[in-house]
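Asks: need coordinates for the following:
(2 chains)
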Amino acid sequence: MARMTMIEAIRDALDAAMGADPKVVVFGEDVGYFGGVFRVTAGLQAKYGKTRCFDTPINESGIVGAGIGMAAYGLRPVVEIQFADYMYPAYDQIVSEAARLRYRSAGEFTCPMVVRMPTGGGIFGGQTHSQSPEALFTHVTGLKTVVPSNPHDAKGLLLAAIEDPDPVIFMEPKRLYNGPFDGHYDRPVTAWKTHELGEVPEGHYTVPLGKAVIRRPGQAATVLTYGTMVHVALAAVQESGIDAEVIDLRTLLPLDLETLVASVRRTGRCLVLHVATLT
Amino acid sequence: METPDQSEFPPLSLAVPEPEVRPGDRPDFSQVRIPHAGSVRRPPVDADPEEIRDLAFTIIRVLNRDGQAAGPWAEALKIVPEELKEGLRHMMTLRAYDARMLIAQRQQKTSFYMQHLGEEAISCAFRRALAPGDMNFPTYRQAGLLIAGGYSLKTMMCQVYSNDADPMRGRQLPVMYSSKEHGFFSISGNLATQYIQAVGWAMASAISRDHRIAAAWIGDGSTAESDFHAALVFASTYKAPVVLNIVNNQWAISTFQGIARGGSGTFAARGHGFGIPALRVDGNDYLAVLAAAQWAAERARRNLGPTVVEYVTYRAGGHSTSDDPSAYRPAEESAAWPLGDPILRLKNHLIAIGEWSEERHAQAEAGIHAEVVAAQKEAEAIGTLHQGQRPSPADMFEDVYAEMPPHLLKQRHEAGF
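Replies: Model (predicted):
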């Protein structure tokens, strides 16, 4: 089993999906020849050709809107919004169109599309390259919203998202692209190649959508978290010695209430840890 | 804040365009330049867009005042008299359907309706240029695509009545039909979103090395939306096999077309900045619409890329049943519209070529009326907005996802279903 960064794992998922299904197409700003500003799609155009992986005009509504048309046609578009902060021009297409197409046509037209976007802070990007807008998606029924916290899950969740019959918002915590973040900016980042969740199986596998996972069992309290904060929580547990149970939600909508409720019933305490805005 | 008055120029002022006339004024369409039928050239479909820029500033017309089909666009038409009679029938059916549904709305059998009065030729004729499998991304005023495509009037009515046979299960505003089988994409209430989706669908067809093409539809007002411009740049970049239709019916609810058009001269000319060939067509001329549609569809099918087509027409009725146009335009304006009535013009043409008569027309009108009334009876026997069989509220939770997630199942149980 290869050890990969999260970027490599996501690329591996795209490679596996594109290799298995000619209906999978990948496009967005700078994703074609250059391979994306975070290099996620590097090499895919060379391998699968320009009509399977290509650059688009800088128009997020256009990228998502075209993706919806392609999905309605029968393709499986995986589009990239360069930063989650840039998704607002596409919000109407996501909320009013992608999320509701199945509903409003009573199942006649559907939108099996994945909208990928690097999300969150921690890379000194200022307020236009650091936002965590997941709450704007979790309030929209018809969407599924996924936030992986490690390379293994990133690949498995992305493959599950691509195979899902409905639109999935796939938010990639960019602070985790190259290694888990323990909350200490002054320390060098641990590389994924030294982390067991950096082990990524070859070929096809999925991590189911809508299923949380207990990262660390504990008795004192339940910490509900996802994405970047999973690793901050685990580091905090280690540093504080508090025997907390850390749950990685992985999918924010639909939420795995069964796992969460069972844990909180057991520990009697619940802490929610995230980096999104509180309003 | 005080600005020092040091400029050598007078103070700036904001331009807010106004229509030529308002209620109480005499209708005036003298600014609409109307060329003689048959006078506009027809270039080959692979013409260089730069060489045909003039076609975005004229009006392609086929039917003249004597009811004759004239000029190169008429000569290139692929249609036989039997099909023309069928086309007339489609337009008459759409008008009769509209009339019945308007009455039904006043009788509170539905909450809302939108009619096509004066615009029947556009969707009815365009449908004929498409092949099975092609996909329209329509607005709310292209029901002629369904009627000319053989969709059931009764099913359309069931949608308008939101009754138990409404394929959309009462989830959509009346007139927001959907039929994949009939090449009619689900209508959105959010304007212009479908325009870029049509381009995406067309791109998908090209990616898949398919033969099918897409048709995008938009009104004059909605061309101001960002998604219109997104659609044009994507269509231009990828040479998508799509016909980009703009129905310019002069009015966006109460806003005259000059507000969306700005300084561009015509809506068709919007294509030029993107290198997309553009035609401007008499939208009240069934033959001109069909000729332009066939030209644009052939371009798409031969992989020559997109075409912008502006149909010049006039919205003779209100925007919807919630609109009263006498509040913002002269009531006589509709009668003064210089391009005439599409049904009357095709009828006169068929009479002029000896294929039709006043008697046959009256007969057809009665037959169509009976057909529409019969469909209406069948639809109403199922239910109307406030009576009869309606979709169960339990349906509200279906089709949100392919598989109902636990939280929606819980909500449905809490609602008592």
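
Asks: hmm, stretch B:236-255 touching chain A?
Replies: Yes. Applying Cβ under 8 Å from any Cβ of the partner chain, one finds stretch B:236-255 touching chain A at residue B:237. No exception for glycine: its C-beta is placed from N, CA and C like everyone else's.

Asks: can you pull the buried residues of that stretch?
Replies: Using 16 or more other Cβ atoms under 10 Å in any protein chain shown as the test for burial, stretch B:236-255 gives B:236-252, B:255.

Asks: who in the stretch 151-300 of chain B is up against chain A?
Replies: Those residues of the stretch 151-300 of chain B that sit near chain A, judged by Cβ under 8 Å from any Cβ, are B:167-169, B:171-172, B:176, B:178-180, B:185-186, B:188-190, B:193, B:195-208, B:214, B:226-227, B:230-231, B:233-234, B:237.

Asks: just the buried ones among those residues, please.
Replies: With neighbours counted by 16+ other Cβ under 10 Å, those contain buried members at B:167-169, B:171-172, B:176, B:178-179, B:185-186, B:188, B:193, B:195-208, B:214, B:227, B:230-231, B:233-234, B:237.

Asks: which of the residues you listed fall within helices?
Replies: Within these, residues falling in helices by DSSP state H are B:193, B:195-207, B:227, B:230-231, B:233-234, B:237.

Asks: residue B:299 against residue B:43, yeah?
Replies: No. No contact is recorded between residue B:299 and residue B:43 when judged using Cβ atoms under 8 Å, the distance being 10.8 Å.

Asks: more neighbours: the two, which one.
Replies: residue B:299 (23 against 16; other Cβ atoms under 10 Å in any protein chain shown).

Asks: three-state assignment of residue B:90?
Replies: With DSSP: H, G, I helix; E, B strand; the rest coil as the basis, residue B:90 sits in helix.

Asks: for it, what are its contacts?
Replies: Residue B:90 makes contacts with B:120, B:124, B:127, B:144, B:147-148, as judged by Cβ atoms under 8 Å, 6 or more residues apart in numbering or on different chains.

Asks: can you check residue B:116 too?
Replies: Residues in contact with residue B:116 (Cβ under 8 Å, 6+ apart) are B:94-95, B:98, B:123, B:141, B:143-144.

Asks: ditto for residue B:396
Replies: Residues in contact with residue B:396 (Cβ under 8 Å, 6+ apart) are B:171, B:412, B:415.

Asks: and the pLDDT for the last one?
Replies: Taken from the predicted model, the pLDDT recorded for residue B:415 is 94.

Asks: and what of residue B:2?
Replies: Residue B:2 carries a pLDDT value of 58.

Asks: from residue A:66, how far out is the closest residue to chain A within the stretch 51-200 of chain B?
Replies: Proximity of the stretch 51-200 of chain B to chain A (Cβ to the nearest Cβ) peaks at residue B:200, 2.6 Å away. Here residue B:200 is placed at a distance of 3 Å from residue A:66 (Cβ to Cβ, to the nearest Å).

Asks: anything in contact with each of the two?
Replies: By Cβ under 8 Å, 6+ apart, the residues touching both residue B:200 and residue A:66 are A:77, B:234.

Asks: which bits of the stretch 101-250 of chain A sit near chain B?
Replies: Residues of the stretch 101-250 of chain A found near chain B (Cβ under 8 Å from any Cβ) are A:101-110, A:141-142, A:144, A:165-166, A:210.

Asks: helix or strand for residue A:246, which one?
Replies: Per DSSP states H and E: residue A:246 is located in strand A:244-248.

Asks: over to residue B:246?
Replies: strand B:242-248.

Asks: who are the packing partners of that strand?
Replies: Here strand B:242-248 touches helix B:120-127, helix B:193-207, strand B:214-219, helix B:226-238, helix B:286-301, strand B:307-312, going by 3 or more Cβ pairs under 8 Å, 6 or more residues apart in numbering or on different chains; DSSP states H and E.

Asks: name the helices or strands packed onto the fifth one?
Replies: Contacts defined by 3+ Cβ pairs under 8 Å, 6+ apart place helix B:286-301 against helix B:72-75, helix B:81-106, helix B:120-127, strand B:242-248, strand B:278-282, strand B:307-312, helix B:342-352.

Asks: quick one: contacts for the most centrally placed residue in chain B?
Replies: Centroid-nearest residue in chain B: residue B:142, 4.1 Å away (criterion: Cα atoms, centre = their mean). For residue B:142, the contact set (Cβ under 8 Å, 6+ apart) comprises B:122-123, B:136, B:217, B:247.

Asks: which non-adjacent residue is nearest the residue in chain A that chain B sits nearest to?
Replies: Nearest residue of chain A to chain B: residue A:69, at 2.6 Å (Cβ to the nearest Cβ). Excluding the flanking residues, the one nearest residue A:69 by Cβ to Cβ, 6 or more residues apart in numbering or on different chains is residue B:200, at 2.6 Å.

Asks: and if you look at residue A:201?
Replies: Leaving aside its chain neighbours, residue A:201 sits nearest to residue A:1 (5.7 Å; criterion: Cβ to Cβ, 6+ apart).

Asks: check residue B:74 too.
Replies: Nearest to residue B:74 is residue B:62, by Cβ to Cβ, 6+ apart, at 4.7 Å.
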